[in-house]
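S.K.: give me a 3D structure for the following:
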Amino acid sequence: MKISTKGRYALRTMVDLAKQENNAPISLKEIALRQDISVKYLESIVAVLHKAGFVASTRGKCGGYALTKDPADYTVGAILKLTEKTLAPVTCLEEEEGACKRADQCSTLPLWQELDILIDRYLESVTLADLIAQTVGRNKEVHCNGL
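M.R.: Sure, this is the predicted structure:
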């Protein structure tokens, strides 16, 4: 499994929006600048997020995008599943049930299935609120005297 830039940027965008006070609409230009993502690429990512109801758009001078729910209600898994075709660790798990001709004799299939379950459980257990909390703790200002 390799997460594409689309998935990573979607997650960064959602975290950026989650950090906004009062869930105020933020323009794509502002997000693009903060996240170092091209506006054009960000437009395509936000279109997917908007279509799925993850973000709402507001038009006008003070318009932009905002989350539709609380940051604790979005899982990393949901965001990545929306933007990636698959999170499966191997190609054979991407196919329909029974599509692999070797499934009945594959000694490694149970390993990949369990890994797929572990990945899914972990990504579904982490929310945007969790990511923000981790970032806040990591970005505390440190002074010369260690305080």
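S.K.: who are the neighbours of the helix or strand of the chain with the lowest mean pLDDT, in terms of helices and strands?
M.R.: Lowest by mean pLDDT, DSSP states H and E among the helices and strands of the chain is helix 128-138, with a mean of 83. For helix 128-138, the contact count by 3 or more C-beta pairs under 8 Å, 6 or more residues apart in numbering; DSSP states H and E identifies helix 5-18 as packing neighbours. The way it works is simple: take the backbone N, C-alpha and C, and place the C-beta from them, glycine included.
S.K.: so A56: helix, strand or coil?
M.R.: Here A56 is recorded as strand under DSSP: H, G, I helix; E, B strand; the rest coil.
S.K.: circling back: residues of the least confident helix or strand of the chain that come out buried?
M.R.: 128, 131 (16 or more other C-beta atoms under 10 Å).
S.K.: and it with helix 5-18, angle?
M.R.: 80 degrees (axes from the mean of the first three to the mean of the last three C-alpha atoms, to 10 degrees).
S.K.: which other residues reach helix 128-138?
M.R.: 14-15, 18-19, 67, 70-72, 74, 76 (C-beta atoms under 8 Å, 6 or more residues apart in numbering).
S.K.: E43: which of those is nearest?
M.R.: The nearest member of those to E43, counting by C-beta to C-beta, is M14 at 15.3 Å.
S.K.: contacting residues around that closest one?
M.R.: 49, 54-55, 67, 74, 79, 128.
S.K.: CA atoms only: put the least confident helix or strand of the chain into CSV for me.
M.R.: The C-alpha atoms that make up helix 128-138 are tabulated as CSV, following Å, rounded to 0.1, in the frame of the first residue of the first chain:
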residue,chain,number,x,y,z
LEU,A,128,-8.7,14.6,12.6
ALA,A,129,-9.0,15.6,16.2
ASP,A,130,-6.3,13.1,17.2
LEU,A,131,-4.0,14.4,14.5
ILE,A,132,-4.5,18.0,15.7
ALA,A,133,-3.9,17.0,19.3
GLN,A,134,-0.6,15.2,18.3
THR,A,135,0.5,18.3,16.3
VAL,A,136,-0.2,20.7,19.2
GLY,A,137,1.9,18.7,21.6
ARG,A,138,4.8,18.4,19.1
